[in-house]
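> structure of the sequence below:
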Amino acid sequence: MTGQTGTRKAACIMLVAAEPSGDALGAGLMAALRRRMGEGVRFVGVGGPQMIAGGLDSPFDIAELSIFGWIEGIRAYRTVVARADETAALAAREKPDAVVLIDSWGFTLRVAQRLRRRDPKLKLIKYVGPQVWASRPGRARTLARTVDHLLSILAFDAPWFEKYGLPVTPVGNPTLSKDFSRSDPHWLRETIGAAPDDPILLVLPGSRRSEIARLMGPFGEAAGLLKASRPGLHVVLALAESVDAEARAAAEAWPVKPYLIEGEAARLDAMRGATVALACSGTVTTELALADCPMVVAYRLGRLTHALVKLVIRTPYVCLLNIAAGRFIAPEMIQDRCTGPLLAQVLAERLDDPALRARQVADQRAALDRLGPRDGPDPSERAADAVIAILEGRKP
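From the prediction side, this is the model:
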């Protein structure tokens with residue numbers, strides 16, 4: 001197979017990611033594997049722009065699989081099943097040595113089940129486990145029956161899966177290793193022409209089409225209300241590549257014209273330079289905490305999906321920072337609380353109170369410490385080491 005310094009047989013590794021956060025994880029893993037295994041390693045599978053830029057030839061656009069919520073999942077069921085079948089057929093043609101299934105529980109589980117039926121000996125590796133500590137703990141047993149190994153990004157994941165016999169290798173959260181040292185906190189203020197004391201609101205509405213559809217309305221209303229009472233406020237909208245067109249179109253209806261930014265470097269600079277952020281719940285909240293940016297977190301689901309989620313959720317928190325802290329350090333404006341006036345109210349409290357912002361930043365830093373280490377080897381490198389060990393029949 002392969003080793004750190006050479007290869008006997010060029011390995012073929014299949015990676016499957018179905019949404020932007022998984023695409024980023026997959027791209028990092030591909031780069032780390034290539035550094036260890038050489039250019040001879042071959043990648044096949046499903047991914048987004050970052051994995052495609054790394055050399056993956058994805059057979060379809062993953063944007064149609066970036067789904068959140070049960071009802072939304074039911075509506076997209078035929079598409080999900082068809083794409084899972086297509087992914088399994090791709091594996092049958094390419095005959096990979098191992099498959100890494102990244103996040104996206106519903107889709108990657110279907111793919112794993114199809115692959116297991118086709119080839120019981122194929123090495124299946126799950127990268128990021130379902131959040132069974134938050135809801136539906138039975139998924140841990142299901143995963144243990146379906147894959148051979150779990151690469152975990154959260155320090156408290158392992159016991160939930162190991163009790164069902166699934167080997168777990170903690171690799172760390174790549175987001176916690178994100179380097180803000182080169183980000184320029186002054187870039188945003190200089191770029192938009194903001195005075196030194198002008199407040200800046202950074203808006204991050206998500207990377208799924210459903211998030212743009214449900215959040216851009218109340219986010220824009222909140223921004224308009226804040227701007228009306230604070231003429232010096234600057235509103236900045238960060239665009240995710242996966243929903244760039246949708247977000248731009250929705251922003252046209254806002255009562256305030258936001259300054260639009262795109263690209264990873266500009267987004268990280270903006271996190272460092274903003275006074276307060278209004279963010280869709282997700283990975284971005286951890287990034288904002290790393291950038292020392294106080295935030296308000298918001299989310300909306302379809303009403304029926306939300307009613308179903310309330311029946312099975314095991315934690316009062318949505319944001320990972322709040323889960324780690326065991327209390328609300330970042331306000332969560334979920335469902336009926338995600339309205340323009342209510343968002344404007346909690347944002348105004350932070351825009352107008354430097355002491356409150358400072359306390360929240362300190363609490364966010366403490367919550368980050370509970371999520372896992374931020375130093376040591378890069379998580380992508382640890383994940384690559386584990387994948388190579390599994391390929392070679394060694395214990396990671």
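
> which strands and helices lie in contact with the longest helix out of those in the chain?
Across the chain, the helix with the greatest residue count (assigned by DSSP state H) is helix 209-229. Helix 209-229 is packed against strand 200-204, strand 234-239, helix 244-251, strand 276-280, strand 295-299, helix 340-351, with contacts defined by 3 or more Cβ pairs under 8 Å, 6 or more residues apart in numbering; DSSP states H and E. (Glycine included, C-beta is placed from N, CA and C.)

> out of those, which comes closest to L321?
Relative to L321, the nearest member of the helices and strands packed on helix 209-229 by Cβ to Cβ is strand 295-299, separated by 8.4 Å.

> now could you export just the CA positions of that closest one as PDB?
Extracted in PDB, the C-alpha atoms of strand 295-299 (Å, rounded to 0.1, in the frame of the first residue of the first chain):
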ATOM      1  CA  MET A 295     -21.800  37.600  18.400                       C
ATOM      2  CA  VAL A 296     -25.600  37.000  18.300                       C
ATOM      3  CA  VAL A 297     -26.500  33.600  16.900                       C
ATOM      4  CA  ALA A 298     -29.700  33.000  14.900                       C
ATOM      5  CA  TYR A 299     -31.500  30.200  13.100                       C
END
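
> avg pLDDT for that strand?
Within the predicted structure, the mean pLDDT of strand 295-299 is 97.

> give me the contact list for that strand.
Counting by Cβ atoms under 8 Å, 6 or more residues apart in numbering, strand 295-299 makes contact with 211, 215, 218-219, 276-281, 285, 288-289, 318-319, 330-335, 338, 343, 346-347, 350, 360, 364, all of which sit outside it.

> list the neighbouring strands of that strand plus their orientation.
strand 276-280 (parallel), strand 332-334 (parallel) (DSSP bridges).

> could these go into JSON lines alongside mean pLDDT, distance to S58 and mean neighbour count?
Rendered in JSON lines, the data for these read as follows (pLDDT from 0 to 100; distance: least, Cβ to Cβ, whole Å; neighbours: other Cβ atoms under 10 Å):
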{"stretch": "strand 276-280", "mean pLDDT": "98", "distance to S58": "24", "mean neighbour count": "27"}
{"stretch": "strand 332-334", "mean pLDDT": "96", "distance to S58": "33", "mean neighbour count": "21"}
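
> adding distance to V100, write the helices and strands packed on helix 209-229 out as JSON lines.
Compiled in JSON lines, those are given as follows (distance: least, Cβ to Cβ, whole Å):
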{"stretch": "strand 200-204", "distance to V100": "28"}
{"stretch": "strand 234-239", "distance to V100": "29"}
{"stretch": "helix 244-251", "distance to V100": "27"}
{"stretch": "strand 276-280", "distance to V100": "26"}
{"stretch": "strand 295-299", "distance to V100": "28"}
{"stretch": "helix 340-351", "distance to V100": "38"}
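
> out of these, which is closest to G48?
The stretch from the helices and strands packed on helix 209-229 with the least distance to G48 (Cβ to Cβ) is helix 244-251; that distance is 13.0 Å.

> give the other helices and strands that the closest one contacts.
Counting by 3+ Cβ pairs under 8 Å, 6+ apart, the packing neighbours recorded for helix 244-251 are helix 209-229, strand 234-239, strand 259-262.

> the longest one relative to strand 200-204, how many degrees between them?
Orientation check (axes from the mean of the first three to the mean of the last three Cα atoms, to 10 degrees): helix 209-229 against strand 200-204 gives 170 degrees.

> pLDDT on helix 209-229, on average?
96.

> what of the shortest one?
On average, the pLDDT along strand 259-262 is 96.

> what residues of it count as buried?
Of the residues in strand 259-262, those with enough neighbours to count as buried (16 or more other Cβ atoms under 10 Å) are 259, 261.

> same check, this time on the longest one
The neighbour-count check on helix 209-229 (16+ other Cβ under 10 Å) flags 209-212, 214-223, 225-227 as buried.

> helices of the stretch 251-396 of the chain, start to end?
Remark: helices of the stretch 251-396 of the chain, listed N- to C-terminal, are 264-273, 283-290, 303-312, 320-325, 340-351, 354-371, 379-391; assignment by DSSP state H, counting those that start in this stretch.
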